[in-house]
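Peer 1: Provided below are the primary sequence and the corresponding predicted coordinates.
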Amino acid sequence: MNVQDFDFELPEELIAQTPLLNRDRSRLMVVDPQSGEVEHRQFPEVKTFLQKGDALVINDTRVLPARLIGEKDTGAAIEILLLKQLEGDKWETLVKPAKKIKTGTVITFGGGKLTAECTELQEHGGRILQFSYEGVFLEILESLGEMPLPPYIKEKLEDQERYQTVYAENNGSAAAPTAGLHFTEDLLHELKEQGVHIVPLTLHVGLGTFRPVSVDSIEDHDMHSEFYELKQQAAETLNEVRRSGGTITAVGTTSARTLETIAGQNNGLFAAGSGWTNIFIYPGYSFSGIDALLTNFHLPKSTLVMLVSALAGKDTILNAYEEAVNNKYRFFSFGDAMFIKKGGGVT
């Protein structure tokens, strides 16, 4: 299957640069995988597609303020993006300009509050850094770091909490699980009152999410690995929903990939645990963890477009995206949402 099969025209002005004033005021496109039909709704109407006994699975990861600006002893400015904590205070990072950072180079941040020594070189600007500091690393990061917004967002984010979900809890992501940005605490409360189970899991999103597919054949693409965790209570709730015939709806591709990873290891059921997943879902994949998906509109030729195409069918998704463009839906992280109804698994 060729990556060009997942391309589409997207006017740049449809890429949302800032979040809406109210989180839940975005538009919602509802897609029926069986008929291919779409409906145009407002986001709070997602409640009408969830019933008592269903599960709505949210990713409670919290984005680290992982963008740091430091300097070498020469005074040259260096930008660091934290990607993955390896062990202790050693991190996998992206560095710009990478050519200025060699093994043994020391970078200073915040006038010496934080320092980092490069211990290993990697490809494409990657560097392994060993950090040194006094105090609590996360507190220092909160004081010095900035939110690592995706490269297609050019506007400055005035309120950094708008790039966090209202249920963000576990620090570790390099990017937000953006489908969850639409939810307010009030809307979640209404869903609970409706009898919908709000089930948390954690997947720390890596920047590999935004890495383009650089091969012609998607089968040759190497997916990045991300850390996930599912607690015992969450696993039990999901298994009960499955036994009782309820629908499991994933909020975002991150929740979907986590559920598919776990269900794939447990014959369609769920077990508590943690680990790393590099699951790559594209058309032809048979879903066992989710029934429906709430997601945003994604980049052309991205692994995320391939995932939603696996659930709803490639032609259905590309037709829906064309309609979204014609109706001027807002795209990407701060954009509008799509709900793919139960009945996926279309190839």
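Peer 2: Structure received. Numbers count the residues shown, from 1 in each chain.
Peer 1: Sketch out the low-pLDDT regions of the stretch 151-300 of the chain for me.
Peer 2: Low-confidence segments of the stretch 151-300 of the chain, defined by pLDDT under 70: 208-211.
Peer 1: all helices for it, in order.
Peer 2: Counting by DSSP state H, counting those that start in this stretch, the stretch 151-300 of the chain has helices at residues 185-193, 232-243, 252-265.
Peer 1: any chance of these in JSON lines, with mean neighbour count too?
Peer 2: To be clear about C-beta, it is placed using only N, CA and C from the backbone, and glycine gets the same treatment. Putting the helices of the stretch 151-300 of the chain into JSON lines (neighbours: other C-beta atoms under 10 Å) gives the following:
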{"stretch": "helix 185-193", "mean neighbour count": "13"}
{"stretch": "helix 232-243", "mean neighbour count": "16"}
{"stretch": "helix 252-265", "mean neighbour count": "25"}
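Peer 1: Nearest to Gly88, out of those?
Peer 2: helix 252-265 (25.7 Å; C-beta to C-beta).
Peer 1: from the middle of its chain, how far away would that closest one be?
Peer 2: A distance of 12 Å separates the centroid of the chain from that of helix 252-265, by C-alpha atoms, centre = their mean, to the nearest Å.
Peer 1: I figured Ala312 hits Pro33, correct?
Peer 2: Yes. Because the distance of 4.2 Å satisfies C-beta atoms under 8 Å, Ala312 is recorded as touching Pro33.
Peer 1: who's more crowded, the two?
Peer 2: Ala312 (26 against 21; other C-beta atoms under 10 Å).
Peer 1: Contact partners for the residue nearest to Cys118 when sequence neighbours are not counted?
Peer 2: Of all residues not flanking Cys118 in the chain, Thr105 sits nearest, at 4.7 Å (C-beta to C-beta, 6 or more residues apart in numbering). Thr105 makes contact with 72, 117-118, according to C-beta atoms under 8 Å, 6 or more residues apart in numbering.
Peer 1: What would the strand or helix carrying Ala324 look like as CSV? C-alpha coordinates only.
Peer 2: Assigned by DSSP states H and E, Ala324 falls within helix 314-326. This file holds the C-alpha atoms of helix 314-326, laid out as CSV (Å, rounded to 0.1, in the frame of the first residue of the first chain):
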residue,chain,number,x,y,z
LYS,A,314,-9.8,4.6,3.2
ASP,A,315,-12.4,5.9,0.7
THR,A,316,-14.8,6.8,3.4
ILE,A,317,-12.2,8.8,5.3
LEU,A,318,-10.8,10.6,2.3
ASN,A,319,-14.4,11.5,1.2
ALA,A,320,-15.1,12.8,4.7
TYR,A,321,-11.9,14.8,4.7
GLU,A,322,-12.9,16.3,1.4
GLU,A,323,-16.2,17.3,2.8
ALA,A,324,-14.4,18.7,5.9
VAL,A,325,-12.3,20.9,3.7
ASN,A,326,-15.3,22.0,1.7
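Peer 1: Give me the contact list for it.
Peer 2: Residues contacting helix 314-326 (C-beta under 8 Å, 6+ apart): 5-6, 8-11, 14, 29, 31, 33, 36, 38, 283, 297, 305, 308-309, 312, 331, 336, 338, 346.
Peer 1: cool, stretch 68-80 as well?
Peer 2: Under the criterion C-beta under 8 Å, 6+ apart, residues 67, 81-82, 93-97, 100-101, 105-109, 114, 116, 129, 141, 144-146 lie in contact with stretch 68-80.
Peer 1: Give me the buried subset of the residues you listed.
Peer 2: Listed as buried from the contacts of stretch 68-80 are 67, 81-82, 93-95, 101, 105, 107, 109, 114, 116, 129, 141, 144-146; burial here means 16 or more other C-beta atoms under 10 Å.
Peer 1: So which of those are in helices?
Peer 2: Cross-referencing the buried ones among the contacts of stretch 68-80 against helices under DSSP state H gives 141, 144.
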